[in-house]
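> okay, sequence plus prediction incoming.
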Amino acid sequence: VQLVESGGGLVQPGESPRLSCVASGITFSRHDMSWVRRAPGKEREGLGDMHRGGGSQIYADSLKGRVSISRDKAKKTVYLQMSSLKPDDTAMYYCAARVGGCSRDPSAYAYWGQGTQVTVS
């Protein structure tokens, strides 16, 4: 299994970057996907997930209304579209995968990418 995130970088407040996660070695029909971030000095925070059936949900209160999760099965890619970014959104953003249902607990996910850094300044 390999998950490769991209799309991060230095962004200005208010910008709307889209992060991508290209997956290999998994099948979207069996694996549930999640986006997680870790800000400096903080614990990992589950942001939302994409169910293997195609539905998504955002459960990070700080991001509701500002992010959405989607996927392109043909490209084996999951996206995190963010908007109206703030300096507090500065973090390493990861995608993760698991079999057996979505979870708000990042530790429930077995497979992880290397992350992509988003710095809002």
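Received the coordinates, thanks.
> C-alpha from now on. contacts and neighbour counts both.
OK.
> how about the secondary structure of the most centrally placed residue in the chain?
Here the mean C-alpha position of the chain is nearest to the C-alpha of W35 (Cα atoms, centre = their mean), at a distance of 2.3 Å. The local conformation at W35, judged by DSSP: H, G, I helix; E, B strand; the rest coil, is strand.
> is it true that it touches V78?
No. With contact defined as Cα atoms under 8 Å, W35 does not reach V78; the gap is 9.1 Å.
> give me the helix or strand of this structure that scores worst on average pLDDT.
Within the chain, no helix or strand scores below strand 56-58, which has a mean of 92 by mean pLDDT, DSSP states H and E.
> can you point out the buried residues in that strand?
56-58 (16 or more other Cα atoms under 10 Å).
> and stretch 72-87, by the same measure?
Neighbour-count burial for stretch 72-87 [16+ other Cα under 10 Å]: 76-80, 82-83, 85.
> who touches it?
12-24, 28, 33, 35, 66-71, 119-121 (Cα atoms under 8 Å, 6 or more residues apart in numbering).
> one more time with 7 Å, if that's ok
The contact list for stretch 72-87, computed with Cα atoms under 7 Å, 6 or more residues apart in numbering, reads 13-23, 28, 66-71, 120-121.
> from the chain's centre, how far out does it sit?
7 Å (Cα atoms, centre = their mean, to the nearest Å).
> that stretch: end-to-end distance?
One end of stretch 72-87 sits 29 Å from the other (Cα to Cα, to the nearest Å).
> with stretch 60-71 instead?
Using Cα to Cα, the two ends of stretch 60-71 sit 19 Å apart.
> identify the residues contacting that stretch?
46-48, 50, 56, 58, 77-84.
> for the residues you listed, work out which two are farthest apart.
T77 and S84 (22.9 Å; Cα to Cα).
> wait, doesn't the residue nearest to the centre of the chain sit right on H51?
No. Assessed by Cα atoms under 7 Å, W35 is found out of contact with H51, at 11.7 Å.
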